[in-house]
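Enquirer: sharing a sequence plus its predicted fold:
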Amino acid sequence: MEAIIQPTQEAASLLVARILAKELRDNPSLVLGLATGATMEAVYRLLVKMGRDEKLDFSLCRTFNLDEYVGLSAADSGSFRYYMDRHFFSQVNLDRRNTHLPDGLAADLAAECRAYEEKIQRCGGIDVQLLGIGKAGHIGFNEPLSALRSRTRVKALAPATIEQNAPLFGGAANVPRRAITMGVGTILQCQRCILLATGADKAEVVAKAVEGPITAMISATALQLHPRCTVVVDKEAGAKLQAADYYRWIFDNEPEWEEFR
Ligand code: GLP
């Protein structure tokens with residue numbers, strides 16, 4: 001794992017957008033794993049800008065989102081499909097047929113989960129997976145005690161997650177109780193992971209995810225097992241990292257990062 005600390009939220013988001021843009025330029029038919037949440041809005045805004053100003057081309061790119069609420073349609077403003085259409089898909093030259101999210105309205109949810117895994121496999125697996133982190137340390141909706149080898153499945157949302165998402169639904173009572181999410185094992189199988197966390201309220205969980213012991217209680221800690229995972233944080237979210245100076249030294253000296261410094 002590598003941790004990169006950027007001075008501001010804008011700089012951290014820009015670094016992530018530039019990493020993704022480079023991956024896409026190197027491989028125009030990239031299979032890109034996507035995430036939702038407030039943190040990602042800045043990344044999508046920057047990618048949209050690159051599409052417009054630098055002609056970053058998404059026409060051959062395939063996307064797979066991490067998760068979707070059970071019971072919400074694409075037209076529901078709380079659904080992740082709605083979020084993706086609004087913040088990203090409708091504003092770049094992605095072919096809508098190449099954009100995938102689990103179907104939260106599927107009559108047979110278990111079959112939908114299996115089909116989602118198969119679709120990922122048919123595309124050759126995910127090349128780069130973008131990840132956020134919940135305040136309690138989940139990636140996707142892999143809530144506490146999610147098996148570290150879990151695959152796409154239905155998960156009940158933890159009370160803390162429901163609480164965190166309540167403002168988007170006009171109160172906790174309206175938040176869906178379940179979601180389809182890629183499993184921790186599904187995420188670990190991608191070629192490269194980029195986790196972005198910004199803001200002081202992520203500082204504690206970022207320190208646990210990067211430097212703490214691996215535990216199913218905090219699914220993000222499983223990323224320590226991934227051969228190529230980069231965690232990008234702003235100063236606030238990186239404030240509780242013990243070895244921050246070491247991470248800065250790596251970023252300043254590792255040739256891979258030269259073009260991103
Ligand atoms: C939800 C999503 C996660 C995301 C998390 C953090 O739980 N399922 O994928 O990482 O929210 O969201 P935010 O960026 O709003 O803090």
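Expert: Looks like it arrived, so ask away. The structure displayed is predicted, hence computed values, not measured ones.
Enquirer: who in this structure is up against the ligand?
Expert: 35-39, 66-67, 132-134, 140-141, 161 (C-beta under 6 Å from any ligand atom). Glycine gets a C-beta too; all of them are placed from N, C-alpha and C.
Enquirer: who wins on neighbours among these?
Expert: Gly140 (29 neighbours; other C-beta atoms under 10 Å).
Enquirer: wait, a helix at that one?
Expert: No - looking at Gly140 with DSSP: H, G, I helix; E, B strand; the rest coil, it is coil, so not inside a helix.
Enquirer: show me the contacts for it.
Expert: Ala35, Leu66, Asp67, Leu131, Thr181, Met182, Gly183, Ile187, Ser219 (C-beta atoms under 8 Å, 6 or more residues apart in numbering).
Enquirer: same deal with Arg151?
Expert: Cys113, Glu117, Met182, Gly183, Gly185, Thr186.
Enquirer: so how far is Cys193 from it?
Expert: Note on Arg151: its distance to Cys193, by C-beta to C-beta, to the nearest Å, is 17 Å.
Enquirer: now swap in Met182 and tell me
Expert: 12 Å.
Enquirer: can I get the contacts of Gly140 in JSON lines including distance to Pro167, secondary structure and pLDDT?
Expert: Formatted as JSON lines, the contacts of Gly140 follow (distance: C-beta to C-beta, whole Å; DSSP: H, G, I helix; E, B strand; the rest coil; pLDDT from 0 to 100):
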{"residue": "Ala35", "distance to Pro167": "19", "secondary structure": "coil", "pLDDT": "98"}
{"residue": "Leu66", "distance to Pro167": "20", "secondary structure": "coil", "pLDDT": "98"}
{"residue": "Asp67", "distance to Pro167": "18", "secondary structure": "strand", "pLDDT": "98"}
{"residue": "Leu131", "distance to Pro167": "22", "secondary structure": "strand", "pLDDT": "98"}
{"residue": "Thr181", "distance to Pro167": "21", "secondary structure": "strand", "pLDDT": "98"}
{"residue": "Met182", "distance to Pro167": "25", "secondary structure": "coil", "pLDDT": "98"}
{"residue": "Gly183", "distance to Pro167": "27", "secondary structure": "coil", "pLDDT": "98"}
{"residue": "Ile187", "distance to Pro167": "26", "secondary structure": "helix", "pLDDT": "98"}
{"residue": "Ser219", "distance to Pro167": "23", "secondary structure": "helix", "pLDDT": "98"}
